[in-house]
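Asker: Below are the sequence and a predicted model; questions follow.
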Amino acid sequence: ICTRLSPTSHEIAVTGGQDDRALVWNTQDGSVIFQCTGHADTVASVGFSYDGSMVATADMKGIIKVWRVDQGKEIWSFEVSEVEWIQWHHAAPVLLAGTKDGQVWMWKIPSGECKTFAGYGPSAVCGQILPDGKFAGVGYEDGMVKIWDLKTAAAVHTISGHEGHQSSVYCMDASSNGSLILTGSEDMTAKVINSSTGKVLSTLKCHDSGEEDNSVETVGFSHTHDYAATGTLTGDLEIWDLPTKSVRHKCDHPFGIVKLMWSHTSPVFYTACLDGNFRQFDSRNGQLVRTWHGHAAAILDFDLAKNEGIAVTASDDSIAKVFSLTELSS
């Protein structure tokens, strides 16, 4: 269902599955380092701490556990309502989680010292800690976006109403310098928001195939150019030129796009698709560079190694795969 690579060693990955457990394993030979057990439902969110020393696992019943990677031991556990997402802080042993009842929780690990960012009913569907580590954006089921101050637990900006999304926010990204937030929604738009002022700078109307069940499923800012990308449930991927708010290129997929990630060092990005294929595109010309095959069902999640040498994919076929991004074979 979900996967992440350690930020400090591309040889260590974690995957969560429908068998109510997560596995921490070696990407070189596929051997399991340890199992994360004790969950009561599908493990749908996983993540490593910034220094790779801890891994968090969260299930759909709301049980969140943290494990010491070097010992394979559980060091902390907590129960909330159904977990929508978890994310570690970029520079501290701090874990955030958004839940179905609209709460956002923040804990220091392993002490468990806790803050909550009050919900108001709708689910806290997605969240993103900004690069400065002081604020986080959260997208809600009713289309609202809030920017929270992590120190004071106060909402500094709320984007809603006419300016905001008209239905659920599904995905979110922050620009490299943290000045912009990009949100994608069920309303088939993406919004570029100034994180300092909370002002919506532009609304990007994504291509709508006219199919009833369509939505923006994944968004991302380029790390090297003034570009952003949006991907939809019907397979439309658009590369946007942010200064002109216009579409540069379209990179259509045969089925829905689950996730996209940009390279940190070049203007290429990677996509996971419901057709089970993993792809690389060049944003400068919109061309498909490479396709990696091998899954027999939809890819549900993926992660890139920090050195971008490998990607790990998690699929509905119950298999996780490691793809080499440097070798030319596909």
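Answerer: Done, it's in.
Asker: pLDDT weak spots in the stretch 101-250 of the chain?
Answerer: By pLDDT under 70, the low-scoring segments of the stretch 101-250 of the chain are 208-210.
Asker: Swap in 80 and give it another go.
Answerer: Scanning the stretch 101-250 of the chain with the threshold set as pLDDT under 80 gives 208-212.
Asker: Please enumerate the strands of it.
Answerer: 104-108, 114-117, 124-129, 135-140, 145-149, 154-159, 169-174, 180-185, 189-194, 200-205, 216-221, 227-232, 237-241, 246-250 (DSSP state E, counting those that start in this stretch).
Asker: So which of the ones you listed is nearest Ser6?
Answerer: Taking C-beta to C-beta, strand 124-129 is the member of the strands of the stretch 101-250 of the chain nearest to Ser6, at 18.1 Å. Any C-beta I mention is one placed from the backbone N, CA and C, and that applies to glycine too.
Asker: That closest one packs against which elements?
Answerer: In terms of contacts (3 or more C-beta pairs under 8 Å, 6 or more residues apart in numbering; DSSP states H and E), strand 124-129 is packed against strand 83-88, strand 94-99, strand 135-140, strand 169-174.
Asker: sorry, back to before: so can I have a markdown table of the strands of the stretch 101-250 of the chain showing mean neighbour count and distance to Glu82?
Answerer: Compiled in a markdown table, those are given as follows (neighbours: other C-beta atoms under 10 Å; distance: least, C-beta to C-beta, whole Å):
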| stretch | mean neighbour count | distance to Glu82 |
| --- | --- | --- |
| strand 104-108 | 20 | 13 |
| strand 114-117 | 15 | 16 |
| strand 124-129 | 24 | 11 |
| strand 135-140 | 26 | 15 |
| strand 145-149 | 21 | 20 |
| strand 154-159 | 16 | 22 |
| strand 169-174 | 24 | 16 |
| strand 180-185 | 26 | 21 |
| strand 189-194 | 22 | 26 |
| strand 200-205 | 16 | 29 |
| strand 216-221 | 24 | 20 |
| strand 227-232 | 26 | 25 |
| strand 237-241 | 22 | 29 |
| strand 246-250 | 15 | 35 |
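Asker: okay, those in JSON lines with distance to Thr37 next?
Answerer: Below are those laid out as JSON lines (distance: least, C-beta to C-beta, whole Å):
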{"stretch": "strand 104-108", "distance to Thr37": "21"}
{"stretch": "strand 114-117", "distance to Thr37": "24"}
{"stretch": "strand 124-129", "distance to Thr37": "26"}
{"stretch": "strand 135-140", "distance to Thr37": "30"}
{"stretch": "strand 145-149", "distance to Thr37": "33"}
{"stretch": "strand 154-159", "distance to Thr37": "37"}
{"stretch": "strand 169-174", "distance to Thr37": "30"}
{"stretch": "strand 180-185", "distance to Thr37": "34"}
{"stretch": "strand 189-194", "distance to Thr37": "39"}
{"stretch": "strand 200-205", "distance to Thr37": "43"}
{"stretch": "strand 216-221", "distance to Thr37": "30"}
{"stretch": "strand 227-232", "distance to Thr37": "34"}
{"stretch": "strand 237-241", "distance to Thr37": "38"}
{"stretch": "strand 246-250", "distance to Thr37": "45"}
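Asker: Tell me which of those strands lies nearest to Ala91.
Answerer: Across the strands of the stretch 101-250 of the chain, closest to Ala91 is strand 124-129 (C-beta to C-beta), at 9.8 Å.
Asker: Okay, now the sheet partners of the closest one, with direction.
Answerer: strand 135-140 (antiparallel) (DSSP bridges).
Asker: what distance separates the strand it pairs with from the middle of the whole chain?
Answerer: 13 Å (C-alpha atoms, centre = their mean, to the nearest Å).
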